[in-house]
Each structure stands twice: as C-alpha cells, then as structure tokens.
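Student: Provided below are the primary sequence and the corresponding predicted coordinates.
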Amino acid sequence: MTVTQKMETCPEEWIALAHRLADIARPIAKQFFRTPLDIISKADDSPVTIADRSIEAAMRAEIEKTFPDHGILGEEYGSVRLDGPAVWVLDPIDGTKAFISGMPLFGTLIACCVGGIPVLGIIDQPIQEERWVGANGHATTYNGTPVHTSQKTALAEAIFYTTDADFFLNGPDKAGFLNVKNSVALTRFSADCYAYALIASGSIDLVIEMGLQPYDYCALAPVINGAGGSVTDWDGNPISIHSDGRVIAAANAELREAALQAFLL
C-alpha cells in the first residue's frame, strides 16, 4: 500500500492487538499511579517516569511478538522499521504531568498508521477504565458502545479545551486564541488526550493545540473521525505521521472550519 492509497477497513487482528496493548498498559499505570516516583527531565524538559518506560517496553514487546515486520514509533524508545507495512505509534502516558500529580486525566495512546496515515487509534484511561477505539471501517466505541460527536456547529455553543493557554498567550497565536476563547460558550484547560476522547463522546466540541508529536496526535484522529468528528492540522490537511504538530479537532467539519476562521483571523 502506497502513501496515496487509503486503507478502507482496518484488519480485525490489528484492532485485537491494539486492545491487548491497552490491556498490558493498564495494570502498569495503576501500579505506579499516586505513588512516589523518580521523575526524569527529558531533553524538552517534559517529565518521564518509570511508568512511561515500563508501559512502552511491554507494549513494544507484544508488537514485536505479534507483527515482527511492523514498525514502531514510541515516545520513550524511539523508532524501528518506519518503512514497514504498518507503523505502531505509542504514547504510554499522554499527560505525564497529570499522572505524576495524581490527576486521572492522562491516557495511553495507541495508533497504527499505514502510509503515514492513522487507520486505528485507542485512547485508554487506565484508572477510570475507559477506552475509546476508532478504526477505519468501524464506528468509534466507548467501552464497547458506539459513540457520536455533538451536533453543534456554532462557535457560540461550543465547549473548547486546550491543554495549556500559555502556549498561545506567550506566542504569535495569542490574538487568534483569545478570539476563539471569547467566541465559545465555555473554555477549559489541562485535559491532554482526555479532551479529545470527550469530543468523540459528544461531551465537548473543540480542541486546538500546537507543538504535538506523532505519538501525541496519531491515535486521536481515528477515534474522533469514527465518531463523526473532524481532525486536521491548522491548514485543514488530514492528520498524518508527518504533520507539524498543530492540531484542531472538532465535533464536525463545519465547527472546525468556523473555529479555524476565528483562530486564524
């Protein structure tokens, strides 16, 4: 399959593996949650703990055992076989700052990409035992039950989330961020990947973020798209493993376009 081709239906055995990976991650996350942890600062000053590394190592071992020709891109241990027939993109704990401060709004992100395009994604919240699964050719589910995004199309009705307002307030996108914030019904912060899951379930409507890495965003697109939502970069292009980390996710394409127009002024 080439980059220009699209996988219409994700294979069931890939979905089964993604579930196993999430099942592997859950007890490890629970083991370390709200316990004293050694916190290490990475090169980008983001914290990493033994929990992150233990989870990713265990997930990588399961992928290697099941599909040894597939590639892996992980936050903690880098990449192998990125030219493989599929590439698994892993974030063992998205929202490490929430995790180390005892806030259960982090998640394990698992994606599978073909030709750079995410065709499968899982957002798993281990502590609350919540799991959103999206895959090409399948409706997105929450703990096995199909979910759908909200029907809101007007910014004035929308609930807007972003992880950290300082990313916008201290940079060139301040005016656009404030324009969106002042246009929506409600703005909230600090939910990391959990906010995207809430879009899929119809609880909130809009997320705009920047500076994300592939392991931060690849799993999000299949989950939201499969629930009726829309995820692109700030230029309106579909998300891929090669995207620039500027992401907008919304309950539907109409709301996404309205938010982009307000944000980009």
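Tutor: Thanks, I have the structure now.
Student: the host helix or strand of Leu90: what's the following helix or strand?
Tutor: Taking DSSP states H and E as the criterion, Leu90 maps to strand 87-94. With elements assigned by DSSP H and E, the helix or strand that comes after strand 87-94 is helix 96-100.
Student: show me where the stretch 1-150 of the chain has helices.
Tutor: 12-32, 50-66, 96-100 (DSSP state H, counting those that start in this stretch).
Student: winner for burial among these?
Tutor: helix 96-100 (a mean of 21; mean count of other Cβ atoms under 10 Å). Backbone N, C-alpha and C define where each C-beta goes, glycine included.
Student: list the contacts of that one.
Tutor: With Cβ atoms under 8 Å, 6 or more residues apart in numbering as the test, helix 96-100 has contacts from 29, 33, 37, 39, 46-49, 51-52, 93, 104-106, 190, 192.
Student: got it, and stretch 175-188?
Tutor: Contacts for stretch 175-188 (Cβ under 8 Å, 6+ apart): 155-162, 165, 168-169, 204, 206, 208, 259, 262-265.
Student: how about 6 Å then?
Tutor: 155, 157-161, 168, 259, 262-265 (Cβ atoms under 6 Å, 6 or more residues apart in numbering).
Student: name the member of the contacts of helix 96-100 with the most neighbours.
Tutor: Ile93 (31 neighbours; other Cβ atoms under 10 Å).
Student: residue contacts, that residue?
Tutor: 52, 99, 106.
Student: how does it look with 10 Å?
Tutor: By Cβ atoms under 10 Å, 6 or more residues apart in numbering, the contact list for Ile93 reads 25, 28-29, 32-33, 47-49, 51-53, 55-56, 75-76, 99-100, 106-109, 126, 192-193.
Student: roughly how far does it sit from Val119?
Tutor: 23 Å (Cβ to Cβ, to the nearest Å).
Student: with Ser201 instead?
Tutor: Taking Cβ to Cβ, one finds Ser201 at 21 Å from Val119.
Student: please identify which of these two sits among more neighbours.
Tutor: Legend: neighbour count by other Cβ under 10 Å for Ser201 and Val119, higher for Val119 (25 against 18).
Student: tell me the contacts of that one?
Tutor: 1, 6-11, 14, 86, 111-113, 134-137, 218, 221-222.
Student: where does the prediction get shaky in this protein?
Tutor: 1-6, 45 (pLDDT under 70).
Student: so Glu75 is in contact with Tyr217, correct?
Tutor: No: between Glu75 and Tyr217 there is no contact under Cβ atoms under 10 Å: 12.0 Å.
Student: any residues in contact with both of those two?
Tutor: Joint contacts of Glu75 and Tyr217 (Cβ under 10 Å, 6+ apart) are 89, 91, 94, 109.
Student: residues near the residue nearest to Asp244 when sequence neighbours are not counted, how many?
Tutor: Leaving aside its sequence neighbours, Asp244 sits nearest to Asp233 (Cβ to Cβ, 6 or more residues apart in numbering; 6.2 Å). Residues within reach of Asp233, counting by other Cβ under 10 Å, total 18.
Student: isn't Asp233 right up against Arg256?
Tutor: No: using Cβ under 10 Å, Asp233 is not in contact with Arg256; the gap is 11.1 Å.
Student: between those two, which contacts overlap?
Tutor: In contact with both Asp233 and Arg256: Ile248, using Cβ under 10 Å, 6+ apart.
Student: so what's the nearest residue to Leu90 once chain neighbours are set aside bridging to?
Tutor: Take Leu90 and drop its neighbours on the chain: the residue closest to it by Cβ to Cβ, 6+ apart is Gly74, 4.2 Å away. Taking DSSP bridges as the rule, Gly74 bridges to Gly78, Leu90.
Student: for the residue nearest to Asp244, grab phi and psi.
Tutor: Asp233 has phi and psi values of phi -80, psi -180 when expressed as degrees, to the nearest 10.
Student: list the contacts for it?
Tutor: Taking Cβ under 10 Å, 6+ apart, one finds 210, 212, 217, 239-240, 243-248 in contact with Asp233.
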